[in-house]
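[1] Sequence and predicted structure below; questions after.
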Amino acid sequence: MGHKVKEIRERLVEIDNEKRQFALVEVPKIAEDHSVPQGMQYNQRETDSLVEASEVIGRDDDKELIFSHLLHNTDISNEENVSVISILGLGGLGKTTLAKLVYNDSVVEENFEVKMWVCVSENFEVKSLILKIINAATDQKCEDESLDRMKRRLQDTLRGRKFLLVLDDVWDTESIGVTPEKWLGLKSLLCVGANGSRILVTTRNRSVALLVNPSYMHSLKGLPHKDCMSLFIKRALKKGEEQRYPHLIEIGEDIVNKCGGVPLAVATLGSMLYLNREPDRWLSVRDDDMWSIGNDHILPALKLSYDALPQHLKPCFAFCSLFPKDFEYYSESLVDLWVAQGYLKTCKKNEDLGKMGMDYIRQFCSRSLFQVENDFKTIMLGQEAQVPDFIFKSTKLRSFLIPSRAGKMMNQRFVKTCISRFKYMRVLDLSGSPLEKLPSSIGSLFHLRFLDLSSNDKIKRLPNSICNLLNLESLILRQCTALEEIPKDIGNLINLRSLAITAQQKYLPKGISRLTSLQLLHFFGCVNLMTLGEEIQFLTNLRRLGISNCDNLESLPPNMKLLTALHSLHIDECKKLDLMKTREGPQGLRSFIICASDLEVLPPWLEDSAKVLQSITVAGCDNLTELPKLQKFTFLEQLLIGSCSNLLALPQGLHCLTELRELEINDCPKLSKSCKRQLKGGDWSKFAREAKITLDSDVDTDEEEDKDEGAFDDHNAISNIQTFEILFGTYEVRQGKMVSFQVEERGGHGRDGTGLRSSHVPSRLLHMGRDRDGPNPGSASINSACQFCDSEPVGFFSKTVQIGWLCEFSVLMKVTEDILKII
């Protein structure tokens, strides 16, 4: 027993020393609340409806938008008396403040007989909410009675009365948050109100905003810089003092910039500096990290989002703290790192962990913890990173990530030291390093799950000891342009899930057929590779196969039918590849992409996947003259065509595909013109109403069709308008007839939003709409290539969703989900 006590004491001392080394801070434990399930603690935050409107800055436009939907029946088809409006945004943006502005406006007093404010917080307990609603409606304290009697009293109180109910701060926290059953149960009780009654819900979770089935969802954005400065000056200085302290205003500009448009952060930092006129204090606030400034408002407000996460998501989010501030990364790369750490758990054999990880990312986006970024560049540390000395004192380091710029300082000795010191390492990222040789000691890292050697132009051979890494799950050798061949014993890596290769060899090693756990395989720039061989056919768990810039590749495996799990095939810049040599194709293909090919017709084996294929992308195929008949592809949802100059018409019967939701044609003027004529036909009218169709912008339009003077007189017809995006303009069509054209000005791809996946296409498609005198407004500068297709650079077919109506013109929101930015 004495030895065990001694071991425990030594372990506690070790933990304390590590805490000091990593500068961890102790957080006081919150008292337990025994009214919630074990292991769950929820936020006791309570809000009220009081607000001083003159103190609120920069929300007038948001208020008017809410009013436009609050006071008018925007959902013509809604037969319910009570409709829902949701306000969505991350913590501290001012959702509650906006709701208060609306709630206290005199217009609400005039239009609603009853108004009620209820703070919900994390515990969505229906009985408690019924009690709060009754109290708010009657302005009297209601006794806690049986659930049945309380439900009857609630309905008696609201029956036939036009009301506004604000449900502030709604969460979907595990076990205690809102669920579809709870919401429908409460909503059914409220439907006794008079026609025009409204429920206004505020939440920071997109899943909640959608769950309540709103007639309108308002995504709250950060305040513009000008409004942030006004708020900051109002909190930090007395009225008129800004003229006396211009030097403080300059510092204040920098302080406001670090707040990212979040009013809570701006107001909190401004209040901290109130009556303090010492430049050194202002500079300290400007230069310190946001969380070390010592305020009691910002971090707790944002920490609520973390506390509400399900347990399986918390380690994944905490792992992101390893990245430097404002670091941007590909979602697939992040998922690989999570997998390497063992954070993605499943009981199912051969579960697609990549798909599970992408679902995690969507959940983080839904909860406003991740932000979709839109300019496709990788922002790393501004200066070369220096490795802290204390790192080498740790023997249990699990992840070693080297930013691309800092990677150039990593020499042979440094890497050897890392390998010998960190025996528990799971993640080793040496991408962009100038290493000429990988130490053979790499084979001793038994726990290693993720190894990235990409973008190295000096390594010619890998040590065969790399094949001793039996737990390795991701091996990235992309753009290793000098690599002569991959190790012959690579088949030993039986747990490998992801493999990306750039090598000079003509044939693959036979052992590759033993990689039966492989789910993603990508060949990029394998300029000498002539065939994939029959070994690939035995990778029965392979889900995604990408082949790019393999100039001498002549054929795919003859019997792709054996790849029973394959659902995505992407081929780009493989001029000699003859797809007709493949006798039987995969039968489960859901996405097929072919770019920059000399093929004249699509391979007939695509029909082997006719019952499941959902997306076809064809680009840069100048010899292609016709598409196959697609009637058999009953589940086809997306058809994207670009730079196919000799393709003159779409196949007959395309309009019969009931699942087709998107048709996009770029840089194919003849095809676009033909398609426009087809849209006039009666058979295509229903298709034109239900699908999103994107055509070349230079297609001539009929002036008589463009001018329909009475088109917008009937506002009841707005719900029938279909939005067609045509490069940099928007057509609006009603009942198959084009009625107007609006040019849309864009500064980039993304504005906000989550949940939509963009298809990868080469950068040439970004340039199709390029103006002669200037760059494409939708293009973006990038420094890194896509994790999967590795195009140089990566372009995206746009996806458009409707987020509301302004008069008769639609508001468009661009969405990409391939690069995320930690807030």
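    Perfect, thanks for sending it. All figures in this text were calculated on a predicted structure; none of them were measured in a lab. Numbers count the residues shown, from 1 in each chain.
[2] where does residue 61 land on pLDDT?
    pLDDT, residue 61: 92.
[3] Check the gap between it and residue 68 for me.
    11 Å (CB to CB, to the nearest Å). Placement of C-beta: from N, CA and C, glycine included.
[4] and those two? which has more neighbours close in?
    residue 68 (14 against 8; other CB atoms under 10 Å).
[5] Buried residues of the host helix or strand of that one, list them for me.
    Using DSSP states H and E, residue 68 sits in helix 60-70. Of the residues in helix 60-70, 62, 63, 65, 66, 67, 69, 70 count as buried by neighbour count, 16 or more other CB atoms under 10 Å.
[6] ditto for stretch 516-525
    If you call a residue buried by 16+ other CB under 10 Å, then stretch 516-525 has these buried ones: 517, 518, 519, 520, 521, 522, 523, 524, 525.
[7] cool, stretch 430-439 as well?
    Going by neighbour count (16+ other CB under 10 Å), the buried part of stretch 430-439 is 430, 431, 432, 433, 435, 438, 439.
[8] which ones are touching the residue nearest to the first one when sequence neighbours are not counted?
    Counting by CB to CB, 6 or more residues apart in numbering, residue 430 lies nearest to residue 453, which is 5.5 Å off, once chain neighbours are set aside. Under the criterion of CB atoms under 8 Å, 6 or more residues apart in numbering, the contact list for residue 453 reads 430, 431, 433, 435, 438, 459, 462, 476, 477, 480.
[9] Quick check: the gap between residue 453 and residue 415.
    Distance of residue 453 to residue 415, computed by CB to CB: 11 Å.
[10] Ok, residue 438 next?
    In this view, residue 438 and residue 415 are 8 Å apart by CB to CB.
[11] ok, back up a step: which SSE is immediately downstream of the helix holding residue 68?
    Following helix 60-70 in sequence order, the next helix or strand is strand 82-88 (DSSP H and E).
[12] and the angle from the helix or strand that that following strand is followed by to helix 60-70?
    Next helix or strand after strand 82-88 toward the C-terminus (DSSP H and E): helix 95-103. Inter-element angle recorded for helix 95-103 and helix 60-70: 60 degrees (by axes from the mean of the first three to the mean of the last three CA atoms, to 10 degrees).
[13] Mind listing residues that contact helix 95-103?
    Taking contacts as CB under 8 Å, 6+ apart, the residues outside helix 95-103 that touch it are 47, 49-51, 53, 56, 59, 62-63, 66-67, 70, 87-89, 108, 115, 117, 164, 166, 168-169, 200, 202-204, 220, 263.
[14] switch the cut-off to 6 Å
    Residues outside helix 95-103 that contact it (CB atoms under 6 Å, 6 or more residues apart in numbering) are 47, 49, 51, 56, 59, 62-63, 66, 87, 89, 166, 168, 200, 202, 220.
[15] Between the buried residues of stretch 430-439, which sits nearest residue 128?
    Closest approach to residue 128 among those (CB to CB): residue 431, at 52.5 Å.
[16] Now do the same for the closest one: its pLDDT.
    At residue 431, the pLDDT value in this model is 86.
[17] Need phi/psi at it.
    Backbone torsions for residue 431, taken as degrees, to the nearest 10, come to phi -60, psi 140.
[18] For it, list the residues it contacts.
    452, 454, 455.
[19] picking up where we left off before, what's the helix holding residue 68 packed up against?
    On a contact count with 3 or more CB pairs under 6 Å, 6 or more residues apart in numbering; DSSP states H and E, helix 60-70 meets helix 95-103.
[20] Go through the helix it packs on and flag the buried ones.
    The neighbour-count check on helix 95-103 (16+ other CB under 10 Å) flags 95, 96, 97, 98, 99, 100, 101, 102, 103 as buried.
[21] what does the very next helix or strand once past it rub up against?
    Counting by DSSP H and E, the next helix or strand C-terminal to helix 95-103 is helix 106-111. Helix 106-111 has contacts (CB under 6 Å, 6+ apart) with residue 71.
[22] for the record, mean pLDDT for helix 106-111?
    Helix 106-111 shows an average pLDDT of 90 in the prediction.
[23] sorry, back to before: can you lay out the contacts of residue 453 as CSV showing distance to residue 210?
    Formatted as CSV, the contacts of residue 453 follow (distance: CB to CB, whole Å):
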residue, distance to residue 210
430, 42
431, 37
433, 44
435, 48
438, 48
459, 48
462, 48
476, 36
477, 41
480, 44
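[24] what's the closest of these to residue 641?
    If you rank those by distance to residue 641 using CB to CB, residue 476 comes first, at 31.6 Å.
[25] Now do the closest one: how many residues are near it, please.
    Applying other CB under 10 Å, we find 24 other residues in the vicinity of residue 476.
[26] residues in contact with it?
    With contact set as CB under 6 Å, 6+ apart, residue 476 has these partners: 452, 454, 500.
[27] Put the alpha carbons of the host helix or strand of residue 247 into CSV.
    Assigned by DSSP H and E, residue 247 belongs to helix 246-257. Extracted in CSV, the C-alpha atoms of helix 246-257 (Å, rounded to 0.1, in the frame of the first residue of the first chain):
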residue,chain,number,x,y,z
PRO,A,246,-6.7,61.3,-30.6
HIS,A,247,-3.7,59.0,-29.6
LEU,A,248,-6.0,56.8,-27.5
ILE,A,249,-8.5,56.6,-30.4
GLU,A,250,-5.7,55.3,-32.6
ILE,A,251,-5.0,52.5,-30.1
GLY,A,252,-8.7,52.0,-29.7
GLU,A,253,-8.9,51.2,-33.5
ASP,A,254,-6.5,48.3,-33.0
ILE,A,255,-8.4,47.1,-29.9
VAL,A,256,-11.7,47.1,-31.8
ASN,A,257,-10.1,45.1,-34.7
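[28] Give the next helix or strand downstream of that helix.
    Per DSSP H and E, the first helix or strand lying C-terminal to helix 246-257 is helix 263-272.
[29] what packs against that next one?
    Counting contacts by 3+ CB pairs under 6 Å, 6+ apart, helix 263-272 is packed against helix 225-236, helix 298-307.
[30] Many thanks, I have nothing further to ask.
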